[in-house]
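Peer 1: This is a predicted model, with the sequence first.
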Amino acid sequence: MPKRYIPAAILTLALLATGVAGYLVPDENQKVPVRILFDNSGGKVVFAHLTHHRKYQIACARCHHESGQDQTPLPCGSCHPASFDQDYVRDHVAAFPDQKSCVKCHHAEFGELAFDHQAHKAYAGDDCRACHHGPDIEPEPGHCKDCHTLTGDGNMPNLRDASHRRCAECHKDMFDKGVKGCSPCHRMKDMKGYQGPFTPCRQCHQAPNHQLILNRTNAFHDQCMQCHKKEGKGPRTDKDCGECHMR
Ligand code: HEC
Ligand code: HEC
Ligand code: HEC
Ligand code: HEC
Ligand code: HEC
Ligand code: HEC
Ligand code: HEC
Ligand code: HEC
Ligand code: HEC
Ligand code: HEC
């Protein structure tokens, strides 16, 4: 190494050491459990929590992926419940100390619609019925949301499906992209510091909630196993159940 690089290298190493120490030594105020016992139907699991952090040198945030360095981590189950049923919807708000965690899941809200009505009259060759109904339903063309509600009503589709069906006549390509294709028409709100109200996931996602967020058992199994596989260490195959579970 050329001489003039040595001071820089020492400085870098010093900074690196401080950085590593900074994240290996937990904040004084944080209680870090040494061991955690999971009592479950697959057989008890004793998890060497502190060993994973200290000895295997795993940063808190790699497992507690919801938290910053400065906050006490939440139990995984407050976000990964046994199932996303009505009890969860009713009780989950109380499981969080403040509003900061909400946007982890309630991550998107639509703002204004980007739609140039004037231009579209021309695109449709002044055929209002490319989008609007005839006079049997709409005496005068008007706002779709005057009749189509968010939930729908009998054989009247909800606002999303009614509008999308018309727009898709010409913009099938946007809808083919799934959730990646919403933004040309829907401007997204800035979610930093957003405090609600929250739109139910199912209004934007056609997939059920448990396919969007892992349930409790899968959250544990996936996190433990994915890391063990990646590191090539620790119990990680279908034959290793007994290395975690006591039967
Ligand atoms: C290898 C993964 C892993 C690492 C690294 C890790 N934790 Fe944990 N921690 C867990 C799991 C899993 C639980 C159990 C959570 C549960 O019961 O829902 C837990 C539980 C906790 C709890 C108890 C939470 C509660 O109320 O149930 C605290 C506090 C905690 N960890 C703090 C830390 C801190 C601080 C660090 C870094 C110094 C850290 N953890 C590093 C995986 C980890
Ligand atoms: C504040 C809510 C919250 C908490 C607490 C939380 N998660 Fe998650 N987790 C999520 C959300 C939301 C996703 C899906 C979006 C994403 O990937 O960020 C997710 C994704 C995951 C995934 C799949 C993606 C990945 O990172 O591999 C695993 C596994 C997981 N969580 C395990 C855990 C475990 C284990 C804990 C506790 C140590 C935990 N989570 C705590 C909200 C949370
Ligand atoms: C782990 C992900 C997650 C976190 C974190 C979360 N929620 Fe939810 N929330 C959901 C799911 C899933 C539903 C059910 C939505 C559905 O059925 O489409 C829901 C539903 C709701 C509803 C009812 C919406 C409706 O009209 O049906 C409200 C209100 C709500 N959450 C508020 C909050 C608040 C406030 C916070 C933060 C304190 C929060 N949520 C944190 C996942 C989460
Ligand atoms: C490409 C689809 C499309 C075409 C074609 C179209 N409209 Fe519309 N129109 C809409 C949508 C969507 C709304 C609701 C917009 C909203 O609520 O912000 C709307 C709203 C309206 C409204 C009420 C809002 C306003 O701007 O006052 C009137 C009136 C209207 N259209 C008249 C017409 C007439 C007349 C034609 C034919 C010359 C026409 N539209 C052609 C989609 C269309
Ligand atoms: C005055 C009330 C009213 C307004 C305004 C209205 N609709 Fe409807 N819409 C209805 C009713 C009622 C039905 C059910 C009619 C049926 O069963 O044939 C319906 C059905 C539909 C359907 C399903 C049947 C079909 O025609 O394909 C679509 C799509 C639709 N509306 C789109 C729209 C769009 C897009 C707008 C705005 C540009 C709009 N509607 C404005 C009342 C309205
Ligand atoms: C009759 C065909 C037709 C219908 C129906 C139609 N559009 Fe369009 N739209 C066009 C054309 C043509 C353009 C301009 C060329 C382009 O960008 O594809 C356009 C452009 C757009 C753009 C700008 C494209 C971009 O990439 O930024 C938006 C946003 C848009 N339309 C929204 C809508 C919405 C919302 C509806 C349903 C209410 C709708 N369109 C229905 C034909 C249509
Ligand atoms: C081609 C334009 C277009 C695209 C692409 C599009 N939308 Fe829409 N969407 C509309 C229009 C127009 C409305 C009716 C809004 C109104 O009248 O206020 C609407 C309404 C909705 C609504 C009900 C109103 C609300 O704000 O809650 C939801 C939910 C929605 N869209 C979700 C989506 C999602 C999710 C995607 C991406 C998968 C998407 N949209 C893609 C044009 C589009
Ligand atoms: C207002 C519409 C809207 C609501 C409400 C919404 N999402 Fe999403 N979601 C989106 C959009 C748009 C994307 C795509 C973002 C991107 O990739 O640019 C997305 C992406 C995701 C992804 C990434 C995986 C995927 O499907 O591409 C997950 C996971 C997810 N959302 C979960 C949730 C959960 C859980 C809720 C409810 C607690 C929720 N979303 C509520 C619009 C929404
Ligand atoms: C981010 C990486 C990571 C995560 C997440 C993780 N582990 Fe590990 N685990 C390791 C590594 C690395 C070893 C191997 C250490 C060695 O053999 O030197 C290990 C070893 C183990 C061992 C055998 C040795 C011992 O210390 O007991 C068990 C049992 C274990 N892990 C359980 C778990 C459980 C249970 C979870 C989930 C709650 C989990 N691990 C999550 C990295 C991880
Ligand atoms: C790396 C450690 C690890 C391995 C390997 C492992 N598990 Fe688990 N398992 C856990 C943890 C941690 C939990 C979560 C306990 C909780 O929910 O409190 C769990 C939960 C379970 C549950 C409880 C489901 C419930 O709802 O109560 C079952 C059943 C289970 N595991 C079966 C298995 C089987 C079968 C295998 C082997 C194919 C296996 N596990 C391998 C760590 C492991």
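Peer 2: Yes, it's here. Worth saying up front: this structure is predicted, and the values here are computed from it rather than measured. Numbers count the residues shown, from 1 in each chain. Ligands and ions are numbered 1, 2, ... in the order given.
Peer 1: middle-most residue in this protein, spatially?
Peer 2: Central residue of the chain (C-alpha atoms, centre = their mean): residue 105, 4.4 Å from the mean position.
Peer 1: What confidence value was assigned to that one?
Peer 2: You'll see residue 105 listed with a pLDDT of 94.
Peer 1: Checking residue 141 next. Helix, strand or coil?
Peer 2: Three-state assignment for residue 141 (DSSP: H, G, I helix; E, B strand; the rest coil): coil.
Peer 1: Equivalent analysis for residue 233, please.
Peer 2: Secondary structure, three-state DSSP: residue 233 is coil.
Peer 1: distance of it from residue 55?
Peer 2: 12 Å (C-beta to C-beta, to the nearest Å). C-beta here means a position set from N, CA and C on the backbone, and glycine is covered the same way.
Peer 1: and stretch 49-68, anywhere near ligand 3?
Peer 2: No. Stretch 49-68 lies out of reach of ligand 3 by C-beta under 6 Å from any ligand atom, never closer than 8.0 Å.
Peer 1: List the buried residues of that stretch.
Peer 2: Under the neighbour-count criterion of 16 or more other C-beta atoms under 10 Å, stretch 49-68 has 52, 53, 60, 63, 66 buried.
Peer 1: end to end, how far does stretch 143-163 reach?
Peer 2: End-to-end distance for stretch 143-163: 10 Å, by C-alpha to C-alpha, to the nearest Å.
Peer 1: close to ligand 8, is it?
Peer 2: No. Between stretch 143-163 and ligand 8, judged by C-beta under 6 Å from any ligand atom, nothing touches; the nearest distance is 9.8 Å.
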